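Q: Model the structure of this input:
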Amino acid sequence: MKSFNDQLKPVLEGYAAFLEKRQLSDLKHRPYLIRWVEEFLFFAKDRTGYSFEQSKDLFLEEIGHRPDIKPYQLRQAADALQIYYYQYRHSDGETNSHSALKEYKTEDLLNRLKEIIRLRHYAPATEKTYLLWTRRFLLYHQKTGSSSQPSRNDLKAFLTHLAINDKVSASTQNQAFNALLLFFREVLHTELQNMAKTVRAKRGRKLPTVLSVQEVQLVLNEVDQTYQLMTKLLYGSGLRLMELLKLRVKDIDFNSGLITVRSGKGDKDRTTLLPESLHEKLKKQLEIVRQYHQKDLANGYGEAPLPDALSRKYPNAGKEFCWQYLFPAAKVSVDSEDNKVRRFYIYEKTLQAAVKRAVKKTGITKPASCHTLRHSFATHLLINGTDIREIQELLGHKSVETTMIYTHVVREFKTKARSPLDEM
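A: Next comes the predicted model:
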């Protein structure tokens, strides 16, 4: 009879080959992922009757209390186990997943996709969008009367339907394609080739909506007092809406004049400008946050949600003032993840509505929104002579080509051309 070590060897070798084939980690990190899976399998072998999720949580809790384990290692271990169970074990190399998937219900497929999205640390908004497109595609597939696993042809038909029948914009169709690309590759384990032949909505160059300095001033003056500081930060620091709302107390550095954005788009950290003119107002806001926090602690809660696995490593960190949201909600609510009472950040739609109201009051006819203030921040920096590379860093763009779109907007602002009608 083979020992457990002998049984484990081909599993770990297959997992290593899977990581290499899918390029799911850097070469230098791969041995650590394999080691975490090996340690977990030894941990779980004597815990019969437990589900994978239960065993995983117990395992992470145990290693999280080790004094030598750092938060990033705990996150690495969680990622290794998610890849092992939800991707490797359901790949062609481990099980006959293609025949098994035929028996899965829509919710099973969506739950699998949700696990993969969370493994990749996508933003909650991205998760919601991808799940909606996948659900819509599966519903379309069912309406065709097919009971088999969705194929490339089904995807082509769906994208063609979006372009021809629903007349969606190019960006909407591309969003649907990106969502379903992940679904096909990671859930159905189907590579999509020759998809360029699909009917795709053509996308021309679109310039972002930008307000002039005078228009921005008008909007800021009209915003309700409750939301004025937030709106000024959107423009003064070039923040995305959710980056602003998820700011913590510790992210504000008055001495260096910088704001640290944690886990922004693409799960990247960056720093951006903290306007000097807002220092005093921000200090007053911090006092408001402190009062909320003291009240919450007195009522038996006051624990802010922590990112990743930090709550396991530092169980009491969430109750520290530095982790509280800079713009807290007026009321506490129950966290659906762990049923704890928490004070989250304000609801994003209330700020969006406040900006919309302000724009309407000014009489500005441009379709301006919260994100327009970010576009205006970048354009005005460029007009004032700031280097395009520096603007790229402040905005958190992956490629300078994304930032270059503002050079076209600047040309519109600086145009020297004069209508021939005005010369008559």
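
Q: And the strands in this protein?
A: Listed in chain order, the strands of the chain (DSSP state E) span 252-253, 258-261, 270-273, 333-334, 341-342.

Q: right, and these - which one's nearest L113?
A: L113 sits nearest to strand 333-334 of all the strands of the chain, at 26.1 Å, using CB to CB. Every C-beta, even on glycine, is put in place using the N, C-alpha and C of the backbone.

Q: List the neighbouring strands of that closest one plus their orientation.
A: Taking DSSP bridges as the criterion, strand 333-334 forms sheet pairs with strand 341-342 (antiparallel).

Q: Of the strands of the chain, which stretch is the most buried?
A: strand 258-261 (a mean of 20; mean count of other CB atoms under 10 Å).

Q: Can you show me the CA trace of it as PDB?
A: Only the C-alpha atoms of strand 258-261 are listed here, as PDB (Å, rounded to 0.1, in the frame of the first residue of the first chain):
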ATOM      1  CA  LEU A 258       0.200  62.900  -0.500                       C
ATOM      2  CA  ILE A 259      -2.800  60.500  -0.400                       C
ATOM      3  CA  THR A 260      -2.000  56.800  -0.700                       C
ATOM      4  CA  VAL A 261      -4.500  54.800  -2.700                       C
END
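
Q: Check the model's average confidence along that strand for me.
A: If you average the pLDDT over strand 258-261, you get 95.

Q: other SSEs contacting that strand?
A: When contacts are defined as 3 or more CB pairs under 8 Å, 6 or more residues apart in numbering; DSSP states H and E, strand 258-261 sits against strand 252-253, strand 270-273.

Q: again, only this time at 6 Å
A: strand 270-273 (3 or more CB pairs under 6 Å, 6 or more residues apart in numbering; DSSP states H and E).

Q: Which residues does the strand it packs on contact?
A: Strand 270-273 has contacts (CB atoms under 6 Å, 6 or more residues apart in numbering) with 237-238, 258-261, 394, 396.

Q: so F43 makes contact with F59?
A: Yes - F43 lies in contact with F59 (CB atoms under 6 Å); the separation is 5.0 Å.

Q: Nearest approach to R22 belongs to which of the strands of the chain?
A: strand 270-273 (28.2 Å).

Q: remind me which residues of this protein are low pLDDT?
A: 1-2, 90-104, 144-147, 193-205, 309, 412-424 (pLDDT under 70).

Q: Point to the residue nearest the middle of it.
A: A123 (1.7 Å; CA atoms, centre = their mean).

Q: Would you check how far apart it and G14 are?
A: 32 Å (CB to CB, to the nearest Å).

Q: Next: I34.
A: Computed as CB to CB, the I34 to G14 distance reads 11 Å.

Q: same check, this time on L60
A: 23 Å.

Q: With neighbour numbers in mind, choose between these two.
A: Neighbours were counted for L60 and for G14 using other CB atoms under 10 Å; L60 has more, 20 against 15.

Q: if we can go back for a sec, same list (the contacts of strand 270-273) but as JSON lines, adding distance to S333.
A: As requested, the contacts of strand 270-273 are exported to JSON lines (distance: CB to CB, whole Å):
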{"residue": "S237", "distance to S333": "27"}
{"residue": "G238", "distance to S333": "30"}
{"residue": "L258", "distance to S333": "31"}
{"residue": "I259", "distance to S333": "26"}
{"residue": "T260", "distance to S333": "26"}
{"residue": "V261", "distance to S333": "24"}
{"residue": "L394", "distance to S333": "33"}
{"residue": "G396", "distance to S333": "29"}
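
Q: Phi first, then psi, for D46.
A: phi -100, psi 0 (degrees, to the nearest 10).

Q: Pull the number of nearby residues for it.
A: Using other CB under 10 Å, D46 has 7 neighbouring residues.

Q: who has more neighbours, F43 and F59?
A: Counted by other CB under 10 Å, F43 and F59 do not tie: F59 has more neighbours, with 21 against 15.

Q: Is that one in contact with L41, as I believe?
A: No - between F59 and L41 there is no contact, the gap being 9.8 Å when judged by CB under 6 Å.

Q: Give me the phi and psi for A329.
A: The phi/psi pair for A329 (degrees, to the nearest 10) is phi -70, psi 160.

Q: so who does it touch?
A: With CB under 6 Å, 6+ apart, A329 has these contacts: 343-344, 346.

Q: returning to what we had before: export the strands of the chain as CSV, with columns for distance to T172.
A: As requested, the strands of the chain are exported to CSV (distance: least, CB to CB, whole Å):
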stretch, distance to T172
strand 252-253, 36
strand 258-261, 27
strand 270-273, 28
strand 333-334, 32
strand 341-342, 34
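
Q: I'd like to know which of those is closest to L110.
A: strand 333-334 (24.0 Å).

Q: ok now the closest one, how far from the chain's centre?
A: Its chain's C-alpha centre and that of strand 333-334 lie 22 Å apart, by CA atoms, centre = their mean, to the nearest Å.

Q: who touches it?
A: Applying CB under 6 Å, 6+ apart, the contact partners of strand 333-334 are V341.

Q: try stretch 278-291
A: Stretch 278-291 is contacted from outside by 229, 254, 324, using CB under 6 Å, 6+ apart.

Q: Tell me which stretches of the stretch 251-400 of the chain form helices.
A: Secondary structure of the stretch 251-400 of the chain (DSSP state H, counting those that start in this stretch): helices at 279-298, 310-313, 348-362, 370-383, 388-395, 400-403.

Q: Between its first and last residues, how far does stretch 244-255 reach?
A: 20 Å (CA to CA, to the nearest Å).

Q: Would you mark the buried spots in it?
A: By neighbour count on 16 or more other CB atoms under 10 Å, the buried set for stretch 244-255 is 244-249, 251-252.

Q: Can you tell me which of those is closest to P71?
A: For the buried residues of stretch 244-255, the nearest to P71 is R248 (15.7 Å; CB to CB).

Q: Who does the closest one form a beta bridge with?
A: Y325.

Q: one step back: what's the most buried one of the helices of the stretch 251-400 of the chain?
A: The highest mean neighbour count among the helices of the stretch 251-400 of the chain, using mean count of other CB under 10 Å, belongs to helix 370-383: a mean of 21.
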